[in-house]
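In: Build me a model:
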Amino acid sequence: MRKYYVDNIRWIIILLLVPYHAAMAWNVWGEPNYIYFESNKIISSIVVFFSPYFMPLMFFIAGISTRFALQKRTIGQYISERAKKLLIPFIFGTVLIMPPMTYIADQFNYGYQGNFFRHYAVFFTRFTDLTGADGGFSVGQFWFVLYLFLISLIAVGIILLQRKIRHPQNMDTPLVPICLWGLPLPLLSGLLSIGGKSLAEYTYVFLVGYYVFSNDEVIKKVEKWKWIFLCIGITATVFNVYMFIWSDTQHTLLNMTAKYVSEWFMINSLLGIGKRYLNFNGKVSKYMSKRSYTFYIFHFIWVVLFQYLLFHICGNNIILLYVLPVLLAYGATLLCCEICNRVPFFLSPVQIDK
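Out: Numbering: from 1, shown residues only. As a prediction, this is how the structure comes out:
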């Protein structure tokens, strides 16, 4: 039986990436961005509120989905499907979508005067911090696609090894172990990390999703305790925002603790809430589930383009520069989804974990 709540959680998260990425233009911690206006604590709080658990939740539900995918596919079929659905879009995005984004960034942030085609050479020869904010090479949002492909291969190796040793038993996990599954996260976060994105942490989250939270009994417990998990998660999230953005003093250990408590308990609470309220397949959910991956691929370039264009029209009006690009990016990205849906190419509107 298909887990519709997993699909619905996925596309809702992807939709929220538009305001999330738009807010990066005002971050207060000095992270390079394709478009950077000025520091703004209020808008930066949007990013910090979601950042602890947004992408970990994506890897988490990818692990859950993989468990069900391998019940219907062989390992070979799964790997072939991952290559088609992940590697090809990764190459497409890096070669065709990232150069325009970094061209805009180079113009806006550094006053680049050359044309777009000349900048292609810059993109493929300038290797600096890999953010793309200076016009140099970057994989941008496609880091997630690359990581998911690599993690899928790592997971397959672990799964094959585990199958040779023994078959996993049903896991009737009580409340305390569910909470304790999050303890390794801060220990793993610094391992195999590029730009703050830890391959080790995301692999762990993926495997926990695969081995533990694909079990119906575990999900029932998460659903039962969802509001308690949400209260803990929201409290930690708000505290993390305050410590990272608004506090005048640094408390690194407390801030880090709040971040990882937020990550784990928000993942569990949103999974439980999704299981309770989003386990359906209506017209909207069916439509968005089929287009969520394509939406992810195209959303960021429209955010960057509209922020760049509207800056020259609206000046430094923070409200217009945030709200209008978000609304326009939703429309333009959905249009791209429809074009891909009607004009099949090697990039088709497939689901990322189906």
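In: In the chain, which residue is most central in space?
Out: Central residue of the chain (Cα atoms, centre = their mean): Met55, 3.6 Å from the mean position.
In: pull the longest helix from this protein.
Out: If you go by DSSP state H, the chain has its longest helix at helix 283-314.
In: next SSE after the worst-scoring helix or strand of the chain on mean pLDDT?
Out: Among the helical and strand segments of the chain, the one scoring lowest on mean pLDDT, DSSP states H and E is helix 175-180, with a mean of 71. Per DSSP states H and E, the first helix or strand lying C-terminal to helix 175-180 is helix 185-188.
In: mind listing what's buried in that next one?
Out: 185, 188 (16 or more other Cβ atoms under 10 Å). C-betas here are computed from N, CA, C, even on glycine.
In: contacts for the next helix or strand after that helix?
Out: As assigned by DSSP H and E, the chain's next helix or strand after helix 185-188 is strand 193-194. In this structure, residues lying in contact with strand 193-194 by Cβ atoms under 8 Å, 6 or more residues apart in numbering are 130, 143, 199-201.
In: what separates whichever helix or strand comes after strand 193-194 from the chain centre, distance-wise?
Out: Going down the chain from strand 193-194, the next helix or strand is strand 197-198, by DSSP H and E. Distance of strand 197-198 from its chain centroid, counting by Cα atoms, centre = their mean, to the nearest Å, is 12 Å.
In: that older thread, buried subset of the contacts of strand 193-194 as a ChimeraX selection?
Out: Per 16+ other Cβ under 10 Å, the buried members of those correspond to this ChimeraX selection:
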select :143,199,200,201
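In: which phi and psi does Gln71 have?
Out: Per-residue torsions, Gln71: phi -80, psi -20 (degrees, to the nearest 10).
In: That one - how many residues pack around it?
Out: Neighbourhood size, Gln71 [other Cβ atoms under 10 Å]: 8.
In: With Ala22 instead?
Out: Ala22 has 27 neighbours, counted by other Cβ under 10 Å.
In: isn't it right up against Val326?
Out: Yes. Assessed by Cβ atoms under 8 Å, Ala22 is found in contact with Val326 at 5.1 Å.
In: Common neighbours of those two, please.
Out: Here Ala22 and Val326 have Val303 as joint contacts, going by Cβ under 8 Å, 6+ apart.
In: Quick check: nearest residue in space to Arg126, chain neighbours excluded?
Out: Excluding its sequence neighbours, the residue lying closest to Arg126 (Cβ to Cβ, 6 or more residues apart in numbering) is Gly136, at 3.5 Å.
In: Surely that neighbour touches Ala121?
Out: No. The pair Gly136 / Ala121 is not scored as a contact, 11.5 Å apart, by Cβ under 8 Å.
In: Mind checking which of these two has more residues around it?
Out: Remark: of Gly136 and Ala121, Gly136 carries more neighbours, 19 against 11, as counted by other Cβ under 10 Å.
In: returning to what we had before: state whether the residue nearest to the centre of the chain and Tyr202 are indeed in contact, as I suppose.
Out: Yes. Between Met55 and Tyr202 there is a contact under Cβ under 8 Å: 7.5 Å.
In: Does Phe244 belong to a helix, a strand or coil?
Out: Under DSSP: H, G, I helix; E, B strand; the rest coil, Phe244 falls in the helix class.
In: From Ser247, how far off is Ile151?
Out: 34 Å (Cβ to Cβ, to the nearest Å).
In: Among those two, which residue is more densely surrounded?
Out: Neighbours were counted for Ile151 and for Ser247 using other Cβ under 10 Å; Ile151 has more, 23 against 13.
In: That one and Glu223, how far apart?
Out: From Ile151 to Glu223 the distance is 26 Å (Cβ to Cβ).
In: cool, Phe144 as well?
Out: For Phe144, the distance to Glu223 (Cβ to Cβ) stands at 27 Å.
In: which of the two has more neighbours?
Out: More crowded of Phe144 and Glu223, by other Cβ under 10 Å: Phe144, with 21 against 18.
In: and Leu199, what does it touch?
Out: 147, 150-151, 191-193.
In: where's the residue nearest to the centre of the chain, which helix or strand?
Out: Assigned by DSSP H and E, Met55 belongs to helix 54-69.
In: what helices or strands is that helix leaning on?
Out: With contacts defined as 3 or more Cβ pairs under 8 Å, 6 or more residues apart in numbering; DSSP states H and E, the packing partners of helix 54-69 are helix 4-23, helix 143-165, helix 199-211, helix 252-277.
In: ranking the ones you listed by mean pLDDT, which is last?
Out: With a mean of 92, helix 143-165 has the lowest mean pLDDT of the helices and strands packed on helix 54-69.
In: Count the residues that sit near the residue nearest to Ser152 when sequence neighbours are not counted.
Out: In this structure, Ser152 finds its nearest non-sequential neighbour in Arg82, 4.7 Å apart by Cβ to Cβ, 6+ apart. Other residues within reach of Arg82 by the criterion other Cβ under 10 Å amount to 22.
In: quick one: secondary structure of Glu31?
Out: Following three-state DSSP, Glu31 is assigned to coil.
In: Dihedrals phi and psi, it?
Out: According to degrees, to the nearest 10, Glu31 has phi -70, psi 130.
In: In terms of pLDDT, where does the nearest residue to it once chain neighbours are set aside sit?
Out: Among residues not flanking Glu31 along the chain, Met24 sits closest, at 7.2 Å (Cβ to Cβ, 6+ apart). In this prediction, Met24 carries a pLDDT score of 97.
In: Now do the contacts for the residue nearest to Arg126.
Out: The contact partners of Gly136, taken as Cβ under 8 Å, 6+ apart, are 102, 122-123, 126-130.
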